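A.B. asks: quick check, what structure comes out for this input:
(2 chains, ligands or ions: 3)
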Amino acid sequence: MILDARIPEGPIEKKWENAKFGYKLVNPANKRKFDIIVVGSGLAGGAAAATLAELGYNVACFCYQDSPRRAHSIAAQGGINAAKNYQGDGDSVYRLFYDTVKGGDYRSREANVYRLAQVSRNIIDQATAMGVPFAREYGGTLANRSFGGAQVSRTFYARGQTGQQLLLGAYAGLSRQINSGKVTMFTRHEMLEMVTHEGRAVGIVTRDMVSGKIESHAGHSVLMATGGYGNTFYLSTNAMGCNVTAAYRAYKKGAGFANPCYTQIHPTCIPVSGDYQSKLTLMSESLRNDGRIWVPKNKEDCKKKPEQIAEEDRDYYLERKYPAFGNLVPRDVASRNAKLMCDEGRGVGATGFGVYLDFADAIGRLGKNLVEERYGNLFEMYERITGDDPYTTPMKIYPAVHYTMGGLWVDYNLQSTVDGLFVLGEANFSDHGANRLGASALMQGLADGYFVIPYTLGNYLGSEKPEKLSTDHAVFKDAEKSCKDRIEKLVSIDGKRTVDSFHKELGLIMWEHCGMARNESGLKKALELIPALREEFWKDVKVPGSGANLNQSLEKAGRVADFLEFGEIMCRDALTRDESCGGHFREEHQTEEGEALRVDERFSHAAVWEYKGEGNEPTRHEEPMTFEHVKFSSRSYK
Amino acid sequence: MSRTMNLTLNVWRQKDSKDSGEFEKYTEECKDISEHMSFLEMLDVVNERLIEKGKLPIAFDSDCREGICGTCSMVINGRPHGPWKKTTACQLHMREYKDGDVLYIEPWRAKSFPVLQDLMVDREALDSIVQAGGYISTNCGSAPDANSIQIGKEISDAAMDAAACIGCGACVAACPNSSAMLFTAAKLSHMNTLPQGKPEVAKRTIAMVEAMDKAGFGNCSNHLECEAACPKDIKATVIAEMNRGYAKASLLKR
Ligand SMILES: Cc1cc2nc3c(=O)[nH]c(=O)nc-3n(C[C@H](O)[C@H](O)[C@H](O)COP(=O)(O)OP(=O)(O)OC[C@H]3O[C@@H](n4cnc5c(N)ncnc54)[C@H](O)[C@@H]3O)c2cc1C
Ligand code: SF4
Ligand code: FES
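C.D. replies: Ligands and ions are numbered 1, 2, ... in the order given. Alright, predicted model coming up:
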């Protein structure tokens, strides 16, 4: 496997411009001769499909939901970063670049991050032009808020529904292209197989989730924007249908998978209430702007009501330990500290796995109305779920799996190690290193879809002139057959255990051994438990119904089967990365104060896994990460 | 301590769009339900028990389970999304119910929403309305600086109020005429209120209203059931706004 990042020449500020100038172009009349497959209709896929169609390409776009507008990007609450410096508080492209590299704990590619910061400004312009109702000041200009890991206010937002509004913007653009006939939309279609021919991506195989029909789709290039794999843990803030299947199928066809162990645990989620729990709900990070996090100083107070605990008996531990950033430290730091408090026995709530997020001060300082204006919908959501009113009693929160920085490896052009397969959005590994800063995923998804892929895909098509195969070709027929065989196998096992019971068990293994804190012996144990569970799954799973019609159990079974393989790769990656960095915390590598310790001499690289066939261990490759601009330092938020 | 309950569920079961469907009653599978479960988690538990007994689970749509994607869609005791105001089915929690309660759970019922299986329906008709004109025709890359258009906070807030629609279709399910007016009008209000959307107001309004009729949705006869069922508090005043806009646009067109 060759990992050529194809970073353009020139000083960092000029790289993107130089690259664009050097790219081959496809003339307008020829664009309509190219058929592009886009899997995913979230911010990354939706923006890409709409923009490529505007340029004249023929696009087929796929999603598993019943409408492209329901992709999980819709759930993003807090906001989107951009280096506009509208507040005049010292922000710049360079500062956003710097914060992102540092926040990612020096494990991302500088050139990519710089480009992201550059195009971030265009995103806000584009979204506004398309009718995204970003929050405004009374004077009519755009409003900003601050987010974790930054000391400037660069986050744009639309109430607590930023992802929804940005996605509706992309969806509007997509709808316009569907109307013009340039995009054919396939909803309730799940990609089950990636098809390659002589090392090139030539198409996909999907299952029509209503009729059960297995179908092939051929194109000149395939774009995957299928989101993250947080649901490997069963419980996460992801939607029920989020999966690794699309990315994993590409991996099995030769696409390298980078840094699978990098998962982000979000500090502010509603704690688990029981074993029936199906997902976890995020309370936006923006709440940390005004909410104060604390636990009781004394264990004995944990079972008391919060109002019975005197001010001097409260430990505002983030403010105490990190005076410069306080409650706004990056996510990994905030999450780990919540775990530390609960492990010390100072957690609150029925399970003892919770900390308080308190708005009493904010309400005193700003008044209830302003707090309501800023966070009203989040408070309502919290009350619906828990039955508690955050205006009068502090919220209880606990960290939960939220985002995956790992993903399919891509070069500067967003092309994977398979020619013609491009990967966008959360599904790729590119810009966030070992930890993503808040409000940067929306930025990256839209940057990839609106502003990067239209150029880099043109370069691929213009210079490589790929052929489109017929779906009658043997590579498609073989892929269809393998999908059908697998479905047949799943429904014919007829064992005793439900799909969910396996998924929950896998989730517990992952959370215990490959969650917020990891160590060698735990990871080795997980590497024994997972294959055993997988074996049991293929012997004893019960999938009622057949493959010939709508069958939700079958859909889940296919996804869980892939999680059961992928979880092992996550653990393997976590075990070989013998250092702590960002969201990957190895207990063996920490300072006396419990901060993460990187081992730059050995691990300043992306680890990229190559599939080596059924039953064989995958091979680990490395793409070195070098830092010319942001000098290594240990991250300090004190 | 947390409370548990035993329930009786009458659930609409329908194999596919051709099947006629009927209610099926469940009691054994609905015992010991915790008050902390969400409504959909209760259905998950029932489904696990059905599968263990070798029966087919109840098919229902959901994805985000936090009230924003608009996927979940079921009528609970005659009310789309159930009894809580401004709340989707996925956010409804079992503390609403007590031991011995009897529930009826059905899919959205509307001619334009064919049932696919059990509680799942096809809502592509809503997308067809947006495809007809629910956008601002601007190509990527040509946008001016975002702050070059100043938009008063009141206007931007009003657009946001309408833009909050999650496209769930509860308004259609609640309406005796299966009208999609609240949905269509919300979409129009969002785009037509903003300065960026002004140039296409007439074209957009006519295209979307016509697409709505073409998709087979009924008319509005002011029952206002839509507003009561809407989980995102979209106000029926947007419908009047749309009707005025449509009349004006039709005049211009002539
Ligand atoms: C609760 C929550 C809040 C968040 N808040 C923020 C925030 O405030 N700011 C921020 O920057 N980021 C936030 N994030 C992160 C951010 O929302 C996501 O990383 C981003 O939206 C992902 O976009 P995407 O386009 O890559 O993927 P998605 O939006 O997840 O889209 C994936 C698409 O792929 C399709 N798909 C997946 N698998 C298949 C398959 N096998 N076959 C066919 N189609 C498939 C899906 O149907 C969907 O259309 C949040 C995330 C969550 C979960
Ligand atoms: S108007 Fe309300 S009920 Fe109708 S689709 Fe939108 S959110 Fe749902
Ligand atoms: S499942 Fe997303 S709104 Fe209910």
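
A.B. asks: ok, B:Ser148 - how many residues close by?
C.D. replies: 9 (other C-beta atoms under 10 Å in any protein chain shown). C-beta: built from backbone N, CA, C; applies to glycine.

A.B. asks: ugh, wrong one, A:Leu3
C.D. replies: 17.

A.B. asks: hang on, it packs against A:Gly256?
C.D. replies: Yes: with contacts counted by C-beta atoms under 8 Å, A:Leu3 reaches A:Gly256, the gap being 7.0 Å.

A.B. asks: and residue 152, what does it touch?
C.D. replies: In the absence of a named chain, this looks at chain A. Shown in contact with A:Val152 (C-beta atoms under 8 Å, 6 or more residues apart in numbering or on different chains): A:85, A:87, A:89-91, A:95, A:146.

A.B. asks: can you look at chain B instead?
C.D. replies: By C-beta under 8 Å, 6+ apart, the contact set of B:Gly152 is A:136, A:138, A:140.

A.B. asks: and which of the residues you listed is nearest chain B?
C.D. replies: A:Gly140 (3.2 Å; C-beta to the nearest C-beta).

A.B. asks: so how far is ligand 3 from the closest one?
C.D. replies: 32 Å (C-beta to the nearest ligand atom, to the nearest Å).

A.B. asks: confirm that that residue sits in a helix.
C.D. replies: No: counting by DSSP: H, G, I helix; E, B strand; the rest coil, A:Gly140 is not found in a helix; it is coil.

A.B. asks: give the residues shared as contacts by A:Leu3 and A:Gly256.
C.D. replies: A:409, A:417, A:608, A:621.

A.B. asks: so what does the strand or helix carrying the third one touch, helix or strand wise?
C.D. replies: Pointing back at A:Val608 there. Per DSSP states H and E: A:Val608 is located in strand A:605-610. Secondary-structure packing of strand A:605-610 (3 or more C-beta pairs under 8 Å, 6 or more residues apart in numbering or on different chains; DSSP states H and E): strand A:257-258, helix A:552-576, strand A:619-624.

A.B. asks: which of those has the highest mean neighbour count?
C.D. replies: Highest mean neighbour count of those: strand A:257-258, a mean of 28 (counted as mean count of other C-beta atoms under 10 Å in any protein chain shown).

A.B. asks: following that one, which helix or strand comes up?
C.D. replies: From strand A:257-258, the next helix or strand downstream (DSSP H and E) is strand A:263-269.

A.B. asks: hmm, back to that, and which of the contacts of B:Gly152 is nearest to A:Arg176?
C.D. replies: Nearest to A:Arg176, judged by C-beta to C-beta, of these is A:Arg136 at 25.1 Å.

A.B. asks: excluding its backbone neighbours, what's nearest the closest one?
C.D. replies: Spatially, and ignoring its direct neighbours in sequence, A:Arg136 is nearest to B:Ser156 (4.4 Å; C-beta to C-beta, 6 or more residues apart in numbering or on different chains).

A.B. asks: list the buried residues in whichever strand or helix holds the one you found.
C.D. replies: Using DSSP H and E, the element containing B:Ser156 is helix B:153-163. The neighbour-count check on helix B:153-163 (16 or more other C-beta atoms under 10 Å in any protein chain shown) flags B:155-163 as buried.

A.B. asks: quick one on the thing from earlier: in its sheet, what does the strand holding A:Val608 sit against?
C.D. replies: Applying DSSP bridges, strand A:605-610 is found paired with strand A:257-258 (antiparallel), strand A:619-624 (antiparallel).

A.B. asks: how is the chain carved up into domains?
C.D. replies: By default, I'm working from chain A. With domains defined by automatic domain parsing, chain A comprises A:14-43+A:62-184+A:413-468, A:266-400, A:477-603.

A.B. asks: hm, I was asking about chain B
C.D. replies: Structurally, chain B divides into domains by automatic domain parsing as follows: B:4-117, B:123-252.

A.B. asks: and these: which comes nearest ligand 3?
C.D. replies: Ranking the domains of chain B by proximity to ligand 3 (C-beta to the nearest ligand atom) places domain B:4-117 first, at 3.2 Å.

A.B. asks: kind regards, and thank you for your time.
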